[in-house]
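**Student:** Mind looking at a prediction? Sequence and model below.
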Amino acid sequence: MLFAEPDSSILARRDIIVAALARLVPGGTITGPSGLAAYDGDALTAYRQVPLVCVLPETREQVCAVLRFASEERIPIVPRGAGTSLSGGALPRADAILVGLSRMNRILEIDYENACVVAEPGVTNLAITRAVEGRGFFYAPDPSSQIACTVGGNVAENSGGIHCLKYGLTTHNLCGVEMVLSSGECMRLGGKSPGSAGYDLLGVVAGSEGLLGIVVEVTLRILRKPPVTRTLLAAFDSVPAAGTCVAQIIAGGIVPAAMEFMDRRCIAAVEDYCAPGYPKDVDAILIIEVDGVAQEVLEALEHAKGIAHGAGAKEVREAAGEAERARLWTGRKAAFPAMGRLAPDMLCMDGTIPRRALPEVLARMAEMADEYGLGFCNVFHAGDGNLHPLIIFDVMKPGELERAEAFGGEILKLCVEVGGVLTGEHGVGVEKRDLMPIMFSQSDLAQQQRLKCAFDAAGLFNPGKVFPTLSACVERGHMHVHAGRLPFANLPRF
Amino acid sequence: MSRMQIQSDAEIIEAVSAARANGSTLEIVGSGTKRGYGRHCAADAVLDISALTGIVSYEPDELVITAKTGTLISEIEDALARRGQRLGFDPADWGPLFGKPRCAATVGGVLSADACGSARVRFGAARDHLLGYRAINGFAESYKAGGRVVKNVTGFDLPKLLCGAMGTLGVLTEVTLRLVPRPPHNVTLIARDIAPDDGFALLRRAWTSAFGPTGLAYVPSSVALSFTGFGAVGEGAALMRLEGAPVPLAEKIAGLRALDPGALLEEIDGERTFREIGNGHALVGMDADVWRVVLPPSASARFVAEQQPDIWVGDWAGGLLWIGSAPDDEAAAQKIRSLASACDGHAILLRASETMRSRIPPFRPESPTCTAVSKSVKAAFDPFGIFNPSRMYEGI
């Protein structure tokens, strides 16, 4: 079972709770079945749960008031940004208040002198870049859901994206937060000056998956947009050769802005779907993007081309102009929906491995696919070793879902076995919760749970997420896509 | 005070178990170069981890290194330099500042004190480079956190918390750090005879440019002579370090020059100068209390104008000011601390007498809410208060 039985004493008090929240957040409480149906999950669509009640505060004072109330009444809280989590981070509970931050969506300050933006948590990721690009700046973390996902959610999940190879994850671009604790008290961490006075609590808040508090304000670092960006496509006759190319580029001292991998099956699916003009009849392609000042880009690109040829690339092509560059990326960004057309169901994995292990892991995944008798493809952020294998299956065929889940679990075990981790950017949530013991020992997990208790002794924030329960031992670790219906079908996924 | 020279994780576990059993406390010491940093630590025994040494694995192709925490930073840097790599946060060597030998700092000590140099402005602090660790907590349990890959969101990011925690959360025994390539060349552009407000404005423009400077410092005339590499500076000098292969480097130099065509930017070899700035060199051997004032970069000129310190150096495009103040001068200390707060920053008293540090908390006190959380965090790692008691704050 995903969660323990809902607390019946909370369910019994629902009317009183709803009335209290309506007083605390006038006009911001969703209580009816049709309204709540819109909030019954996130982008991990395998799981659905209608929340006890949903509240949409507009101010930090309202957030504080809601949390004070929840704390006094001992009602669990599930925080939610835009609900684009791929690991079930915002999955509601029947006995918990869902606190949606989408109405706190104002940019409060743009400070070019100190290269930062202060914003409420419900502002979308892309809106930060939109607000500063006129002055030549951008906000670096770029998760694929960036047109919809919120910066508060990004902090919770420590979101990455295609360009985090060079620019880091959210945590490396986060200067400060104001957060509300389970007591309803507000705490400011970090700010415009580099570093904090005491413990680096900001460092653990980033990526805490809503288990420590609710962020009501963020201060984000903005960067100058690089003047030149150029993109290379390298095609290979063998998957290990492409893996070797990736490892040698990193070892060669090149820091590409992005380095993406697609295998034969994925290339074919994408060509059918949107015809980006990738080379035909190859086993793998790499899209390598380099940015910076002109000469820097030129040298890195020449260096990368040499490495690609040395690794046995069949073709190395540079995008001639902006239009071709955009087309190369269109194909990469269409990988998920394109694969989704090949079978009714799809699982998306998210492990990270040391880059040198790429050839070995790719080869072993192909063997496993044969053993499990399932189709799969590989598309991933190769530069930082972040794999997104997509397993395709049909949930209507007896045993296929179980085989797919077992296959996915095997892949993640392999990632850990070669020195990698269970999740590179999607988070643990409920999806990989029960796989945590593969990577962490009992004492490793105990220490993390003690930190959780230091912030939230009553365990009110997002219970049932991240940490495995004793009874659960189901292998999960994937995004489930049914009948080609991608969660947030209009969002790119890469 | 007794001293335990430990050789292995198992011996640490034994020592911590014993401390827990008899209610005693431990001061964790590597080379001891920074023992004067933080509140005075009155522990019952010293846990000396300086023999816990060695590079466990170094994978240049992976840009990752794992080392035991007693390993000297200088040993790690030598190994990295041989493969054209380095630690991005420019680990600082504060030994001489505390009257200790240079090049003696251990990796565990540097991470625990978050001792970052000038390149922090570009690559981030120590915490941004620590991927994972193994440690012994106050339950005498060995545990690990983080991982050995650059992209990882599996569980809480405890490595960030342990950086800068001054050893109050446990004994780090093994750390995995990410590395950055070492570009083949670097050059420093110097703008001489530039006033602090203009100098900092220039540094901020360089910081927010696309040219990626890896050092942005301001040196006023009063301390310029103590640095190697440049002579007379008039009112003061702004220094900007750029790195890269020769051709791109030339383009970046031209780019920075174009930011302020009025300023005459001369090329010098600033390699040693920037190391000296990060090490607080201007204040070594000087009879002064030493502060590191962390500010929003745009506030540094105001801070300097209002504080009027005799001895100071700016780094991190103005995000950091090194300040020397009269020894044991509590009134001056209060002024520095309150001005830093007024500027939306905070001041760390890095070096002062034991008496002074008992009167002026070395780390700025946090809000009551934050203090309560910090105490809970301390208790989550060290519930019996064994490690470095009250080194950061009273009870923490």
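**Tutor:** Alright, I've got the coordinates.
**Student:** Going by C-alpha atoms from here, please, whenever you check contacts or count neighbours.
**Tutor:** Noted.
**Student:** Give me the distance between the two termini of stretch B:120-128.
**Tutor:** Using Cα to Cα, to the nearest Å, one end of stretch B:120-128 lies 10 Å from the other.
**Student:** Am I right that B:Thr173 is in a strand?
**Tutor:** Yes - counting by DSSP: H, G, I helix; E, B strand; the rest coil, B:Thr173 is part of a strand.
**Student:** give me the number of residues near it?
**Tutor:** For B:Thr173, the neighbour count with other Cα atoms under 10 Å in any protein chain shown is 23.
**Student:** I'd like to know how far A:Asp350 sits from A:Ile391.
**Tutor:** Taken as Cα to Cα, the span from A:Asp350 to A:Ile391 is 12 Å.
**Student:** Following whichever strand or helix holds A:Ile391 in sequence, what is the next regular element?
**Tutor:** Take DSSP states H and E as the rule and A:Ile391 turns out to sit in strand A:389-393. The element immediately downstream of strand A:389-393 (helix or strand, assigned by DSSP H and E) is helix A:400-417.
**Student:** ok, now which ones touch the residue in the stretch 1-150 of chain B that chain A sits nearest to?
**Tutor:** Closest contact between the stretch 1-150 of chain B and chain A, by Cα to the nearest Cα, is at B:Asp61 (4.1 Å). Residues near B:Asp61 by Cα atoms under 8 Å, 6 or more residues apart in numbering or on different chains: A:247-248, A:250-252, A:356.
**Student:** Which residue ranges of the stretch 201-350 of chain B form strands?
**Tutor:** In the stretch 201-350 of chain B, the segments counted as strands under DSSP state E, counting those that start in this stretch are B:215-220, B:236-244, B:265-268, B:289-294, B:311-315, B:320-325, B:346-351.
**Student:** Over to the stretch 351-494 of chain A?
**Tutor:** Counting by DSSP E, counting those that start in this stretch, the strands of the stretch 351-494 of chain A are A:375-381, A:389-393, A:479-482.
**Student:** Now A:Glu109: closest residue in space that isn't a chain neighbour?
**Tutor:** Excluding the flanking residues, the one nearest A:Glu109 by Cα to Cα, 6 or more residues apart in numbering or on different chains is A:Val118, at 5.0 Å.
**Student:** For B:Glu59, name its beta-bridge partners.
**Tutor:** B:Glu59 forms beta bridges with B:Val64, as assigned by DSSP bridges.
**Student:** surely it meets B:Ile65?
**Tutor:** Yes - with contacts counted by Cα atoms under 8 Å, B:Glu59 reaches B:Ile65, the gap being 6.2 Å.
**Student:** Which of these two has more residues huddled nearby?
**Tutor:** B:Ile65 (23 against 15).
**Student:** Quick one: residues contacting the more buried one.
**Tutor:** Residues near B:Ile65 by Cα under 8 Å, 6+ apart: B:55-59, B:176-179.
**Student:** what would these look like in a markdown table with pLDDT?
**Tutor:** Putting the contacts of B:Ile65 into a markdown table (pLDDT from 0 to 100) gives the following:
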| residue | pLDDT |
| --- | --- |
| B:Ile55 | 98 |
| B:Val56 | 98 |
| B:Ser57 | 97 |
| B:Tyr58 | 97 |
| B:Glu59 | 93 |
| B:Thr176 | 98 |
| B:Leu177 | 98 |
| B:Arg178 | 96 |
| B:Leu179 | 96 |
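**Student:** Save these as TSV, and put in secondary structure too.
**Tutor:** Formatted as TSV, the contacts of B:Ile65 follow (three-state DSSP):
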residue	secondary structure
B:Ile55	strand
B:Val56	strand
B:Ser57	strand
B:Tyr58	strand
B:Glu59	strand
B:Thr176	strand
B:Leu177	strand
B:Arg178	strand
B:Leu179	coil
